[in-house]
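K.L.:
This is the structure alone, sequence omitted:
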């Protein structure tokens, strides 16, 4: 069946065929949220993360600095720090390597890396945190995340010992996609 000449064909998650197309659609879904919607969802995700940390008591967390409308959990990082959790931010050392981590506390002076992401200016490397909080551009029911395509978190999770991996996502960015051989599933995904 052909579509009428004047109808606009729109991508839907069900019709997307490639990962680049899916990434584009999922970015748009995040950007289409109002500021109030985003704040409410970020607050709920942060609440769930704090509850998980109270129950599991991790000594160290690899957190992230939000980019491209990712869930912003920075207001909750302060509470984690106050409860004695050591925080670290990821550092891209080289294109095809696992991430390194920099010691980070709220209030540290920040610089910008070559990807335009904020990192602590002091540059103090720390050992890999026991738990990584990983933003998901998209995610599927099997627990796989779709990121921006660099593979940094997959390479980091492939290292031994493997840290626990908690995906952070918006429920609206659930999508059906097949995992690829290099993909590593999250232990679970916190979503709202």
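P.N.:
Arrived safely, thanks for sending. These figures come from a predicted structure and were not determined experimentally.
K.L.:
Residue ranges in this protein under the pLDDT threshold?
P.N.:
1-16 (pLDDT under 70).
K.L.:
Break down it into its helices, ranges please.
P.N.:
Along the chain, counting by DSSP state H, helices occupy 19-31, 35-56, 74-82, 152-158.
K.L.:
ok, and for the last one, which residues are buried?
P.N.:
Right, helix 152-158. Across helix 152-158, burial judged by 16 or more other C-beta atoms under 10 Å covers 152-154, 156-157. Yep, even glycine has a C-beta here, placed from its N, CA and C like the rest.
K.L.:
Can I get the residues you listed in JSON lines including distance to residue 100?
P.N.:
Formatted as JSON lines, these follow (distance: C-beta to C-beta, whole Å):
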{"residue": "152", "distance to residue 100": "10"}
{"residue": "153", "distance to residue 100": "13"}
{"residue": "154", "distance to residue 100": "15"}
{"residue": "156", "distance to residue 100": "9"}
{"residue": "157", "distance to residue 100": "14"}
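K.L.:
Which residues are in contact with residue 66?
P.N.:
Residues near residue 66 by C-beta atoms under 8 Å, 6 or more residues apart in numbering: 72-74, 135.
K.L.:
Show me which pair in these is furthest apart.
P.N.:
Greatest spatial distance in the contacts of residue 66: 74 and 135, 12.3 Å, computed using C-beta to C-beta.
K.L.:
more crowded one of those two?
P.N.:
Higher neighbour count among residue 74 and residue 135: residue 135, with 21 against 14, using other C-beta atoms under 10 Å.
K.L.:
which non-adjacent residue is nearest the most centrally placed residue in the chain?
P.N.:
Centroid-nearest residue in the chain: residue 135, 0.7 Å away (criterion: C-alpha atoms, centre = their mean). The shortest distance from residue 135 to any non-neighbouring residue, by C-beta to C-beta, 6 or more residues apart in numbering, is to residue 70 (4.3 Å).
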